[in-house]
Structure formats: structure tokens, C-alpha cells
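> Show me the folded form of this:
(2 chains)
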Amino acid sequence: MPILTADMSAGTLVEWRKQPGDALKRGDTIAVVETDKGLIDIEVFTPGVLEKIVVQPGATVPTGTVLAIVRDTVPAAVPASVTAAPPTPRAPIIATPSAAVVPAAAPSDRLRISPLARKRAAELGIDPAAVHGTGPGGSIRREDIEQAAAARAAPAAAKPGGALDRQARLRQAIGAAMARSKREIPHYYLATTIDMHRAMTWLTAENLARPVPDRLLYGVLLIKAVALALREVPELNSVWRGTEPVRSDAVHVGVAVSLRGGGLVAPALHDTAGQSVGELMRALRDLVQRARSGGLRSSELSDPTITVTSLGEQGVESVFGVIFPPQVAIVGFGKIAERPWVVDGQVTVRPLVTATLSADHRVSDGHRGGLFLAAVDRLLQEPSRL
Amino acid sequence: MTRDEIRATVLRTLGEIAPEVDVAALASDVPFRDQLDLDSMDHLNFVIALHAALDVEIPEADYPKLTTLDACVDYLDLAGPGLGSSASTV
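This is a model prediction of the structure:
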């Protein structure tokens, strides 16, 4: 059971989309899992063949539990003498707390794991082959082992008779993640006012030329501007791996989506900086629809490198977000409102929006954060280039 | 298409966008925003769905004319191919 978000400790296997013997390729949906964030499609990260299903539909298991065993596919060009050996079971798609379900031939020699972590894994009964490493090059540290053990233990403590309904569990999960963020991350906060006149004028003209299904929302301009501005201040596009913040080459903006009935989820718009605003708009529509009705993909929950939240439609002037671990920044936008603004020494009326940055002071400081917000502003003054 | 059919289409579309809502209980002359928790993405999906169901072009400038159920029916009754017959049974 993969850890899809910082606040996830368990999930329920809903259905298998593949059966033993099925070939798997990267990106295939192999199973559907229910979490506090709704129904999530679990994707395959590397090709192989589904050998064995371990967890049956209906079972709720902690993160770190092996769901299935996937074997490497054998390259066709490999000589027969080599292929005669049985294929080696790869690390299961996910982790296992129980050595009993891990084949004896598990490729422990492939693992990058510190001696201390290996010893700790043995003490805690954790299979290191199934633990996601956060050290250099994906190596497994002692902390990774202890986190897997804690995640395994958490559901039992958190489920007193299963009386909590899903809404309550969702609120509990959000609360835990946000409490951790406030406890561990030294936030700093910045705000700036951005004149949206050029962006809104461009958007109106652009939408006149677009058929109804292809029209844009201003929110997609904000998201694209954030993604491009990160190229100028790349340290804000980082995620913590163990004790180190690691810059991400790709920009995967997580978009905060409110769920009907309460709660929120912030799945990733993959490669946000590399897509046109039209492509982003289609992706955003699809993402929001799936966030609210079920069907988010596991990579969309685990990949965000920064989050954008907008509460302007609720009339909010500005929002200072709480950073989603392991990210290091969150950008907020309030409502666009017409207000007096000085242009070339003259007071005029302009649509203005308050943009904010909440960032991790361990990774950046206010000067760099200010440069980032200035870049967002500058980019929004040239909307046709977004 | 009759006004009743247009109304039914609007309600069905709203129900698909906000499945938690009992659309039959909506007041027809009260703005949607006062009755439903819809955001701009919901509204865009609403317009796209009406476009697909009724084959009608709705310019962005006309979005303010779609604020209530009655206003939607009035607007769509006058707009687009296949619409505007006004054979109302109400």
C-alpha cells in the first residue's frame, strides 16, 4: 500500500484491474484503492508481469503492506542460458511489513540500504525491499524504516472500532498533516498585489476565439505563471527527501481542490511549466472532475512539487497557505476585485489580486521569495507568452 | 424543444455537476450561487454540458444571464439551433 500523501497511513483495496499473468507497463492502473482522499488508481512504475495478488478486495491495510508481487519481464535478447534462471521478483509495487509474503529470492543485493537501516528493519520486522528510500540515490535510511513501521502501527491506533466516518477521517488526516507542517516547517509569509488588467483583457479576447469546450479560466493563467516563475527561483520547487531538500527538475503544481461535503485534495498537474495554457486547462478540468468523483492516480497524489490554492471565488481577499509536507512552498491567490490603482501617476480602476507565498525558511528566505512573487507578477503582464 | 424540456436539461446538467444536490428542490428564481456551492470550474462545466446537450453557443459575455433556473430557461429558449420553439406546457 503506497504512501500517497504525507497524511496517509492506510488504504482499502477496492478492486484489481489486472490479474495474475497480465503484462504490466509503466502507467497502467493495476488496482483501485480507497483512501481518505477518495478512490485512487494505483499505477505501475516499471514494466513487468503480475505474478501474485496478496491483498484481496475489501481489505484495509496499512501503508507499507505488499499488495501484489510483480516480476521483471525478461528481455528477449538475453541468451537462453541466462533466461533459464527463474525471473527475479522485484520489489513489490509497494512495501510489506510481513516477511512471510516476500519471496525468499527477494533481491536484497540490489537494495541501497545503510547497515543501520538493515539492522533496524530486522528489529522491527520490516522488509526493506518494500520501503521507499529517501536517501541519496534512493537509498534507504533508518528513518525510512522507522516511518514504515510507524505507518504500519498507526491504523490500529486510529481506528477505535471503525466508528469514524469518512469525513471525520479526512478531517483527521488533514489535521495531522497540517499540524506536522506547522510543527516542523518554519514558515515565512509574503504577499503582493498584482494588476490583472492585461491578463483578464487577454483572456476575454482569447475566449471569444475559443469554442465553448476549450475556454480558459483565469486560474490556469495563475498556475502557469507560478510554474514558469519557479524556473527563476528553483529552490521553491523542492521536496524534502529525508533530511535534505531536493530540487525537482520538473514542475508538478499541486492544485488545491475542495471536495463536495468538505475536505480538500491537491493533486499534481504534471509538467505544468511545459504545457500550453490550453493543454493545462484540459488537464485541470479532468483533474478537478476526478478529484471530486474519484479516480485520481497515485502519481498525481505523490508528485506535487509545490501547491497553488485559490479561494478568491469565495470572496477571500488573500490566503496564506500551510505548506503540504514534503513540499517547501505554497502559493495563494485571493479574489480578483476592481480597485483604485495608480498607473503612470494616474488613479484608475484595475482588477487586482493578492498573491501570497508561504515558504519553508530552511530552504529559502524572504529575498528569494520576493523575487518569485515579482516573477509571477511580471509573467502575468505578458499573458500571451504564458 | 419546449421550455419544459430545456428546464429538465438544465436540472439534469446541474445534478451531474453537483450530485449531492436535490435539484428538484431548487428555487427557480434564486441565484444558483445562493443555493449551490459552485465554483468557476463547475460553471464552465455547466456551460459546456449545455452546449453539448442543446447545441447552443453561449458567449462568455452571456454567463451573467445564467444565474438562476428561470433565467437559464429564458436565455436558452431564445438561443441556438433546435431551441426557441417556446411550445411551453407550463
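> Could you report the neighbour count for whichever residue of the stretch 51-200 of chain A sits closest to chain B?
Nearest residue of the stretch 51-200 of chain A to chain B, counting by C-beta to the nearest C-beta: A:M200, 11.4 Å away. Just so you know, the C-beta spots here come from the backbone N, C-alpha and C atoms, and that holds for glycine as well. Neighbour count for A:M200, taken as other C-beta atoms under 10 Å in any protein chain shown: 18.
> quick one: contacts of the one helix or strand it maps to?
Assigned by DSSP states H and E, A:M200 belongs to helix A:197-209. By C-beta atoms under 8 Å, 6 or more residues apart in numbering or on different chains, the residues outside helix A:197-209 that reach it are A:215-216, A:218, A:221, A:336, A:350-351, A:380-384, B:59-60.
> Now which of those would you call buried?
Among the contacts of helix A:197-209, those classed as buried by 16 or more other C-beta atoms under 10 Å in any protein chain shown are A:R215, A:L216, A:Y218, A:L221, A:I336, A:R350, A:P351, A:L380, A:P383, B:E60.
> The fourth one contacts A:E382, correct?
No: in terms of C-beta atoms under 8 Å, A:L221 does not count as a neighbour of A:E382; the distance is 10.7 Å.
> can you tell me the average pLDDT over stretch A:267-283?
Averaged across stretch A:267-283, the pLDDT comes to 97.
> is that stretch up against chain B anywhere?
No: figure legend: stretch A:267-283 not in contact with chain B (C-beta under 8 Å from any C-beta of the partner chain); closest approach 9.1 Å.
> Okay, buried residues for that stretch please.
A:P267, A:A268, A:L269, A:H270, A:D271, A:T272, A:A273, A:Q275, A:V277, A:L280, A:M281, A:A283.
> you'd agree the last one is in a strand?
No: counting by DSSP: H, G, I helix; E, B strand; the rest coil, A:A283 is located in no strand; its state is helix.
> those helices in chain B, which residues are they?
B:3-17, B:32-35, B:40-54, B:69-78 (DSSP state H).
> Now render the ones you listed as CSV, adding mean pLDDT and distance to chain A.
Listed next are the helices of chain B as CSV, based on pLDDT from 0 to 100; distance: least, C-beta to the nearest C-beta, whole Å:
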stretch, mean pLDDT, distance to chain A
helix B:3-17, 92, 9
helix B:32-35, 85, 9
helix B:40-54, 92, 4
helix B:69-78, 93, 13
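> what would the ones you listed look like in TSV with mean neighbour count and distance to A:D249?
As requested, the helices of chain B are exported to TSV (neighbours: other C-beta atoms under 10 Å in any protein chain shown; distance: least, C-beta to C-beta, whole Å):
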stretch	mean neighbour count	distance to A:D249
helix B:3-17	18	37
helix B:32-35	15	41
helix B:40-54	19	29
helix B:69-78	18	47
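> now the helices: where do they sit in the stretch 1-150 of chain A?
A:80-83, A:115-124, A:142-158 (DSSP state H, counting those that start in this stretch).
> which residues does A:L4 contact?
A:G11, A:T35, A:K37, A:I40, A:S298, A:L301, A:S302.
> Run a quick neighbour tally on the last one.
Same thing as A:S302. 20.
> from what I can see it touches A:P2, true?
Yes: checked against C-beta under 8 Å, the pair A:S302 and A:P2 is within contact range at 7.2 Å.
> Give me the neighbour count for the residue of chain A found nearest chain B.
Going by C-beta to the nearest C-beta, chain B is nearest to A:V212 of chain A, at 4.2 Å. A:V212: 18 surrounding residues under other C-beta under 10 Å.
> Need the phi and psi values for it.
Dihedral pair for A:V212: phi -50, psi -50, per degrees, to the nearest 10.
> Nearest residue to it in space, please, no chain neighbours.
Take A:V212 and drop its neighbours on the chain: the residue closest to it by C-beta to C-beta, 6 or more residues apart in numbering or on different chains is B:H51, 4.2 Å away.
> Equivalent analysis for A:D360, please.
A:V328 (4.0 Å).
> What is the most widely separated pair among the buried residues of stretch A:267-283?
Between any two of the buried residues of stretch A:267-283, the greatest separation by C-beta to C-beta is 18.7 Å, found for A:P267 and A:V277.
> any chance you could map the strands in the stretch 151-300 of chain A?
A:187-195, A:238-241, A:244-247, A:253-255, A:257-258, A:264-265, A:268-269, A:296-297 (DSSP state E, counting those that start in this stretch).
> Reformat these into a markdown table and put distance to B:I17 next to each item.
Formatted as a markdown table, those follow (distance: least, C-beta to C-beta, whole Å):
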| stretch | distance to B:I17 |
| --- | --- |
| strand A:187-195 | 30 |
| strand A:238-241 | 34 |
| strand A:244-247 | 39 |
| strand A:253-255 | 18 |
| strand A:257-258 | 14 |
| strand A:264-265 | 18 |
| strand A:268-269 | 21 |
| strand A:296-297 | 18 |
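> With A:H132 as the reference, name the closest of the ones you listed.
strand A:238-241 (9.8 Å).
> what's the closest residue to A:W16 other than its chain neighbours in contact with, if anything?
Among residues not flanking A:W16 along the chain, A:A31 sits closest, at 5.2 Å (C-beta to C-beta, 6+ apart). By C-beta under 8 Å, 6+ apart, the contact set of A:A31 is A:L13, A:V14, A:E15, A:W16, A:R17, A:K18, A:D41, A:I42, A:L67, A:A68.
> Nearest residue to the last one in space, please, no chain neighbours.
So that's A:A68. Counting by C-beta to C-beta, 6+ apart, the residue nearest A:A68 is A:I53, at 5.0 Å.
> Just the pLDDT for that neighbour.
pLDDT, A:I53: 92.
> Which residues of chain A lie near chain B?
Checking chain A against chain B by C-beta under 8 Å from any C-beta, the hits are A:204, A:207-208, A:212-213, A:215, A:217, A:219, A:258, A:260-261, A:284-285, A:288-289, A:313.
> Weed out the non-buried ones from those residues.
A:N207, A:V212, A:R215, A:L217, A:G219, A:S258, A:L284, A:R285, A:V288, A:Q289, A:E313.
> give me the low-pLDDT residue ranges for chain A?
In the predicted model, chain A carries pLDDT under 70 at residues A:74-111, A:136-137, A:150-164.
> Where do the domain boundaries of it fall?
A:10-165, A:185-385 (automatic domain parsing).
> Please report the separation between the first and final residues of the longest one.
When the termini of domain A:185-385 are compared using C-alpha to C-alpha, to the nearest Å, they are 35 Å apart.
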